[in-house]
Each structure stands twice: as structure tokens, then as C-alpha cells.
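*Asks:* When you get a sec, could you give me coordinates for this:
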Amino acid sequence: MRNNHGFTLLEVAIITVILGIIAAFTIVKYQKFVANNELEKEANNLYTELRSMRSVSFKYDGLVRAKFNTTAMQCTVWVDTSQDGNFKYRQLTVYQIKAPVVINRIDNNLAQPYTDGWWMDANPPIQNGVQGEWKDSIKVIPDSRGRYSLGGIYLYNPRLDDSYYFIGINSGMESIELKKYTGTSKSWKTL
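*Replies:* Predicted coordinates for the structure are as follows:
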């Protein structure tokens, strides 16, 4: 009786197919992991940039505004340097949103302020929402509290279909908040 040491061609083919399937699932999961990290990083960076508007308002004792542009994928922060109500603005910073993260707004009424509560029951944004430049999207009023007012922004990654961030104004707290929507929980969570 002879011992047969080795694999048949069929066994090798089956193992190769199984390894290929495992590799495909791993690559897809890794790509989603990277996309999630890119999105979270951009949301946190932009949130930090917008929170710093309050200290800028105190420094210059003037109205500070953030404008978003979906064409250029950027947020520009301006300060009213005239302080006389004539709104002579000086550009302070430009925050460039890095691809593939996208900024968007779903409200077609550009004058409607974003306040706490209206979007809590809303679904995540449609990915082909309002385009172009949003003037005075978020502003900080130079009073004793440095109140945020107006505006909000969605961030998402087109490669993800279940994860969105929202940076907007909580009018009750007169502050800016960062919230995340995930498809698994189907709800907005304050970060």
C-alpha cells in the first residue's frame, strides 16, 4: 500500500476560491473602515475650526461668518473688521475639505436657519442637495456670550451609504454641535 502525499488539483482550486472570497470581504471592510476614518477626521477638523470662531469674535469684537462652497469644497471664515455695521470683511481662514468627503445641505430654502430639533426626525441628506455657495451659513454674534446663529452643514462620503455628520446650531444652548447618523442605529447622536 502506497501513501499519497499531496493535494489534488480540485482541492487546491477549492482552497484558492475560499481564500479569494475571504480576501474580497476583507478588502471591502477595509475600504469602508478607511472611508469612515476620513469622514470622521474631516468632520472633527471642521467642527474644531467652526468652534474657534467664537474666540475670533471675542478677539476682533466683530461679527464672524463662515461660508461654505460645495463647488470649491471649502469653508471660508470672515470677520467684520469695520465694526460699524458696514460689513467690511477680512478673510481669516479657508478650510479645504479633502476628497472624497463631501459637504452638502438639503434645505432648498437658503434663508431658513438651522435650529435644534428640526432635523432630529429627518432622514440623512439626499446626496445631490443644494449646490454652490452658502452665504452666512454660520455666524458668531459678538456679544458677551459669543452666540452662534444660523446655518448648518452635512458631511458624508459617497462610498458610505449609512454614515453622515451634521455640524449645526443648537439654538437652545446657543452653541454649535457635531452629530453623527449611522444606519445601524437609525438615529442622530451628539458627539
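*Asks:* which helices and strands sit right next to the strand or helix carrying C75?
*Replies:* Using DSSP states H and E, C75 falls within strand 74-80. Here strand 74-80 touches helix 9-51, helix 53-60, strand 64-69, strand 89-96, going by 3 or more C-beta pairs under 8 Å, 6 or more residues apart in numbering; DSSP states H and E. In short, each C-beta sits where N, CA and C put it, glycine included.
*Asks:* switch the cut-off to 6 Å
*Replies:* strand 64-69, strand 89-96 (3 or more C-beta pairs under 6 Å, 6 or more residues apart in numbering; DSSP states H and E).
*Asks:* buried ones in the longest one?
*Replies:* Read that as strand 89-96. Y89, L92, Y95 (16 or more other C-beta atoms under 10 Å).
*Asks:* Identify the bridge partners of the residue most central in space within the chain.
*Replies:* The centroid of the chain falls nearest to L155 when counting by C-alpha atoms, centre = their mean (2.6 Å). In this entry, L155 is beta-bridged to I103, Y165, by DSSP bridges.
*Asks:* so how many other residues sit close to I15?
*Replies:* A count of neighbours around I15, defined by other C-beta atoms under 10 Å, yields 11.
*Asks:* Find me whatever residue is spatially closest to it, sequence neighbours aside.
*Replies:* Leaving out its chain neighbours, the residue that sits closest to I15 by C-beta to C-beta, 6 or more residues apart in numbering is F7, at 7.9 Å.
*Asks:* What pairs with the strand holding C75, parallel or antiparallel?
*Replies:* When DSSP bridges is applied, strand 74-80 pairs with strand 64-69 (antiparallel), strand 89-96 (antiparallel).
*Asks:* and that strand, average pLDDT?
*Replies:* Strand 74-80 shows a mean pLDDT of 87.
*Asks:* do the same with stretch 22-41
*Replies:* Averaging pLDDT along stretch 22-41 yields 90.
*Asks:* what's it in contact with?
*Replies:* For stretch 22-41, the external contacting residues (C-beta atoms under 6 Å, 6 or more residues apart in numbering) are V101, N157, R159, L160.
*Asks:* Stretch 58-67 too?
*Replies:* Stretch 58-67 is contacted by residues 50, 53, 56-57, 75-80, 83, 135-140, 142, 146 when judged by C-beta under 6 Å, 6+ apart.
*Asks:* And that stretch, how far out from the chain middle?
*Replies:* Taking C-alpha atoms, centre = their mean, to the nearest Å, one finds stretch 58-67 lying 22 Å from the centre of the chain it belongs to.
*Asks:* Please list all residues in contact with the residue nearest to the centre of the chain.
*Replies:* By C-beta under 6 Å, 6+ apart, the neighbours of L155 are E42, A43, V101, I103, Y165.
*Asks:* Now do it against V56, distance only.
*Replies:* Relative to V56, L155 is positioned 22 Å away (criterion: C-beta to C-beta, to the nearest Å).
*Asks:* same check, this time on V17
*Replies:* From V17 to V56 the distance is 59 Å (C-beta to C-beta).
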